[in-house]
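Enquirer: Here is the input, now give the coordinates:
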Amino acid sequence: MHRTRIKLEAVAFTLPSLLLTLALGIYPIFWAIRYMFYEYAGYGTPKFVGLYNFERLYHDERFWNAVTNTLVYAGGKLLVTLPLSLLLAVLLNRRMRGAGLFKTIFFMPTVLSASVMSIVFYVIFNSYNGMLNQLLQQIGLSRGVEWLGANYAMLTMILIAIWGAVGNYMLLFLAGLQGIPRDIYESASIDGARPVQQFFYITIPMLGPVLQMVMLLAITVSLKGYESIMVLTQGGPFGKTDVMFLYVYKMFFPVASTTAEVQQYGYGSAVGFAAALLIGAVTLIYFYASKKLNSLY
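Expert: Reported below is the predicted structural model:
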């Protein structure tokens, strides 16, 4: 009776999560796999079109523009976020005064809603009456910059993404650094190793497994990110900030009243499948390249 009760309690605790996973995670995947071979706008009878959606995708300039923008967005974010996160983690690992406060400040963007913070950044980067342009005008450095315009929109999106990601990866790096015995650094100091030498010959090698995990997480998150872009620019202007998963999203849901997107569930499913394959390919390439990190540890 006691064992039966334990099993029933285990089922009762896991069943809600299992049902939610099946309903919101597994079922939509199979639904999308089915409808990517159909022409379907969300109403009426779906029309089977075979591989036409993928043929259309191959010739879709907007999709390939979104792929290019995604690579630029992810690359710009990663090139700054990872080194900056590691640098901050190394500094905070030195038991400096106020380290706890700095950890909280840097980590705070991670727990805030991306949509809410995007609205705040809109107030800052608005081209007409934004806080940043007002400040630049007051100090006489500029008459105003179109931060969300065609020339600077992608740069602005990358800066916002960096701001939101640094704290999260900083804490992961910090956890890895705290697992490195300090005796190793003390022995290296006695042998005459300088701080820079200790960083490259002790810290980086012993941080190898954490680096692998953080880089994988950062790559996948960067390639899938679109929330701030959706709120601030909706992929504009002129497609300059349109990224893959925002393009997929617009196939299923209207983003703004000013856009004339027609919902295309069949084609959107094909685009989503192709985007997932591209991210999977990038991940496999990373796994192959990261084997070198295993030899460092």
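
Enquirer: how many neighbours does residue 179 have?
Expert: Residue 179 has 11 neighbours, counted by other C-beta atoms under 10 Å. Placement of C-beta: from N, CA and C, glycine included.

Enquirer: I misspoke; the intended subject was residue 244.
Expert: Each residue near residue 244 was counted by other C-beta under 10 Å, and the total is 27.

Enquirer: and what of residue 51?
Expert: For residue 51, using other C-beta under 10 Å, the count is 12.

Enquirer: Surely it touches residue 38?
Expert: No. Assessed by C-beta atoms under 8 Å, residue 51 is found out of contact with residue 38, at 11.5 Å.

Enquirer: Can you show me the helices along the stretch 1-150 of the chain?
Expert: With helices called from DSSP state H, counting those that start in this stretch, the stretch 1-150 of the chain shows them at 2-21, 27-35, 52-58, 61-92, 99-111, 114-125, 131-138.

Enquirer: what's the angle from the last one to helix 114-125?
Expert: If I follow you right, that is helix 131-138. Going by axes from the mean of the first three to the mean of the last three C-alpha atoms, to 10 degrees, helix 131-138 is angled at 10 degrees with respect to helix 114-125.

Enquirer: Can you tell me which of the helices of the stretch 1-150 of the chain is most buried?
Expert: helix 61-92 (a mean of 18; mean count of other C-beta atoms under 10 Å).

Enquirer: CSV for the helices of the stretch 1-150 of the chain, including distance to residue 204 and mean pLDDT?
Expert: Formatted as CSV, those follow (distance: least, C-beta to C-beta, whole Å; pLDDT from 0 to 100):
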stretch, distance to residue 204, mean pLDDT
helix 2-21, 38, 80
helix 27-35, 38, 88
helix 52-58, 41, 93
helix 61-92, 9, 94
helix 99-111, 21, 81
helix 114-125, 31, 88
helix 131-138, 36, 85
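
Enquirer: Out of the ones you listed, which gets nearest to residue 208?
Expert: Residue 208 lies closest, by C-beta to C-beta, to one member of those: helix 61-92, at 12.7 Å.

Enquirer: Roughly how far does the nearest residue to residue 51 once chain neighbours are set aside sit from residue 262?
Expert: With sequence-adjacent residues excluded and distances taken as C-beta to C-beta, 6 or more residues apart in numbering, residue 51 is closest to residue 37, at 7.4 Å. The gap separating residue 37 from residue 262 is 19 Å, by C-beta to C-beta, to the nearest Å.

Enquirer: Check residue 130 too.
Expert: From residue 130 to residue 262 the distance is 33 Å (C-beta to C-beta).
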